[in-house]
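Visitor: Below is the sequence, then the predicted model.
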Amino acid sequence: MTTHNKKDIENKIKTILARQLGVDAAKIGRNKAIRDLGIDSFGAVELAFALKDEFKFEIDERNFSEIKTINDIIEIVTTKLGATNESK
Amino acid sequence: MCAKEFNQRNIGDRRAKNRRTKSSPIDFEDRRKLERRISERRATKEELEKRLWEKEIYIKNTNALKRRVVITGLGVIAPNGIGKDKFWEANIQGKSGVSRIKSFDTSHHEIKIAGAVPEFNPVNYMSSQTARRIDRFSQFGIAAAQEAIKDSKLDLKNEDRYRIGVCMGSGLGGIPFHEEQIITMQKKGFRMAHPLGIPRVAPNAVSAHISIEFNLKSSNIAISTACSSGTHGVGHATDIIRMNKADIMVAGGVEAPITPFTFAAYSALHVLSRRNDEPEKASRPFDKERDGFVIGEGAGILILEELEHAIKRNAHIYAEVVGYGSTGGAYHMVMPVNEGKDIVRAMKLSLKEAALRPEDINYINAHGTATQANDKAETYAIKEAFSKHAYKIPVSATKSMIGHSIGAAGAIEALVCALVIENNLIPPTINQENPDPECDLDYVPNKSRKAEVNAAMSNSFGFGNNNACIILKRFEN
């Protein structure tokens, strides 16, 4: 299991979003609301899938309603990966 | 005036109660007024829905089957030209769009040539987000629809979108993504199937995306009848307008089949040309040295419009769709019925519907795939359907230049027929070098020809023994 630090996770999430939205990763702020990025319901499904492909665990896209900002995604991923590391 | 009377009569104005109104189509204004009355709570939605329903039934009963359908816009994405003008110019010049495949590694494939659309950039026609989410065939569909709508000069903002539909043929749907997904699942497991995979690969993705992109709210239909999907798309859309289910249809066919699987599978069926070293000479319908078809890709879209609607907005009319015949051979999945008698039946049905005699047809755009079986059966069928007149009709095969774009082919060829009537100019069948005694009609060899064409027939025959013929006629009021 690779170890993750928060900065790595943040960069990976920003890269995924940049690819999905066709924007520059450097221009995506941590506190940016994902709705403002133009992620619609299809976009949420796509994002959940891309995160699953990258981090190898599933985020239920129905929980996306609770996610407001990119920071929320980073927190979820960090917590999930942390939990995975602890259990190993 | 009619809308006013309708409202007076139906909202209960006693003075207007016994007044009989003549039928008029339920137009945009009717619907707007109804919506306003509902919002002002001057009538309940149910009351008004019922009245609208009654009026619609009355109009249907009186007007059905009297409606004429004309072509008012053309959009095409083809290997030898994107857009009506470039495509037509290439056709008249006899320019081939067949080349070596660049989109995938063909080193393990027997077939290395295709009619690929070069330099197609989807973001010229749609947002980058839409382009990224949809498959190539849907991208072609949106692009060709945009070209066709632009060409028709329809101002969608001022049209009743509930009366504009979409009917698109596609034989294979989103096969590129389908294949990509199978490889992904082999590598990463079934859990990595893309959640949007099904809406992306389904053959109706193209009609759905056109409907969404242009906000068209009447019928939203996909037709999948293999190589005749495009002709069935145009024919069925014509029927929809005739039956008063819509006033305008964005109709045609589309395909993006240049993938490793499709090439391997068609190759295994031994229906493809193996002339890899001479791509431009590979597609040679009716030539004695023909050795199969060349797979192509692209889209053809026609704006079909109810005649009165087209006249009212002063639209340019390319031609009228006057006949559509469709038959099934009930014989074999890939072989035409012996001697092509069900092809004959399709041609005769379309002539009957058009109320035309064989000698009224001045041009046939053949299915002409360049397989031994098709070209022989089609030649025989034309002679059966047209008897002696068959030798006097110029017959040309668009596939000689762009290959066989499966579900797009019939629609692109119907579009060619519209342009032939418009320009009185017949594009050639290229690669006519060796006459075949079994294919002895006038195939307009190698050079385009000036000729007065008032009525043109387009043939399409598909795997599954389905045959479709459509007849376009110069518009006369």
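Guide: Alright, I've got the coordinates.
Visitor: Residues of the stretch 201-350 of chain B that sit close to chain A?
Guide: Within the stretch 201-350 of chain B, no position is adjacent to chain A by Cβ under 8 Å from any Cβ of the partner chain. Glycine gets a C-beta too; all of them are placed from N, C-alpha and C.
Visitor: where does the stretch 201-350 of chain B have low pLDDT?
Guide: For the stretch 201-350 of chain B, applying pLDDT under 70 flags the ranges B:337-338.
Visitor: residue in it nearest to chain A?
Guide: B:Ile212 (11.3 Å; Cβ to the nearest Cβ).
Visitor: what's the burial count for that residue?
Guide: Neighbourhood size, B:Ile212 [other Cβ atoms under 10 Å in any protein chain shown]: 13.
Visitor: With B:Val294 instead?
Guide: By other Cβ under 10 Å, 29 other residues sit near B:Val294.
Visitor: For the helix or strand of chain A with the lowest mean pLDDT, which residues meet the burial criterion?
Guide: Ranking every helix and strand in chain A by mean pLDDT, DSSP states H and E puts helix A:70-87 at the bottom, with a mean of 73. Buried residues in helix A:70-87, defined by neighbour count with 16 or more other Cβ atoms under 10 Å in any protein chain shown: A:70-74, A:76-77, A:80-81.
Visitor: low-confidence ranges in chain A?
Guide: For chain A, the stretches with pLDDT under 70 are A:1-4, A:60-63, A:83-88.
Visitor: Please apply the same query to the stretch 51-200 of chain B.
Guide: Within the stretch 51-200 of chain B, the stretches with pLDDT under 70 are B:56-65.
Visitor: Those residues of the stretch 51-200 of chain B touching chain A, which are they?
Guide: Neighbours of chain A within the stretch 51-200 of chain B, by Cβ under 8 Å from any Cβ: B:128-129, B:132-133, B:188, B:192, B:194-196.
Visitor: taking the residues you listed one by one, which sit in helices?
Guide: B:128-129, B:132-133, B:188 (DSSP state H).
Visitor: if we can go back for a sec, list just the nearest of the buried residues of helix A:70-87 to B:Arg37.
Guide: Nearest to B:Arg37 among the buried residues of helix A:70-87 is A:Asp72, at 46.0 Å by Cβ to Cβ.
Visitor: Spit out the contact partners of that closest one.
Guide: Contacts for A:Asp72 were tallied using Cβ atoms under 8 Å, 6 or more residues apart in numbering or on different chains; they are A:Glu66.
Visitor: ok, 7 Å please
Guide: Going by Cβ atoms under 7 Å, 6 or more residues apart in numbering or on different chains, A:Asp72 touches no other residue.
Visitor: swap in B:Ser458?
Guide: B:231, B:365, B:410, B:413-414, B:417, B:469-470.
Visitor: now those as a markdown table including secondary structure and neighbour count?
Guide: A markdown table is the format used below for these (DSSP: H, G, I helix; E, B strand; the rest coil; neighbours: other Cβ atoms under 10 Å in any protein chain shown):
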| residue | secondary structure | neighbour count |
| --- | --- | --- |
| B:Thr231 | helix | 35 |
| B:Asn365 | strand | 28 |
| B:Gly410 | helix | 34 |
| B:Glu413 | helix | 29 |
| B:Ala414 | helix | 32 |
| B:Cys417 | helix | 27 |
| B:Cys469 | strand | 33 |
| B:Ile470 | strand | 31 |
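Visitor: ok so, going back, show me which of the residues of the stretch 51-200 of chain B next to chain A are buried.
Guide: By neighbour count, with 16+ other Cβ under 10 Å, those hold B:129, B:132-133, B:194 as buried.
Visitor: and residue 34, how many neighbours does it have?
Guide: The chain I'm using is chain A. Number of residues near A:Ile34 (other Cβ under 10 Å) recorded here: 21.
Visitor: Correction: the question concerned chain B.
Guide: Here the count is done by other Cβ under 10 Å, and B:Leu34 has 22 residues near it.
Visitor: tell me which of the contacts of B:Ser458 is nearest to chain A?
Guide: Looking across the contacts of B:Ser458 and measuring by Cβ to the nearest Cβ, the closest to chain A is B:Gly410, at 31.7 Å.
Visitor: List the contacts of that closest one.
Guide: B:Gly410 sits next to B:169, B:228-231, B:253, B:458, B:460, B:468 when contact means Cβ under 7 Å, 6+ apart.
Visitor: hmm, try it at 6 Å
Guide: B:Gly410 makes contacts with B:228, B:230-231, B:253, B:460, as judged by Cβ atoms under 6 Å, 6 or more residues apart in numbering or on different chains.
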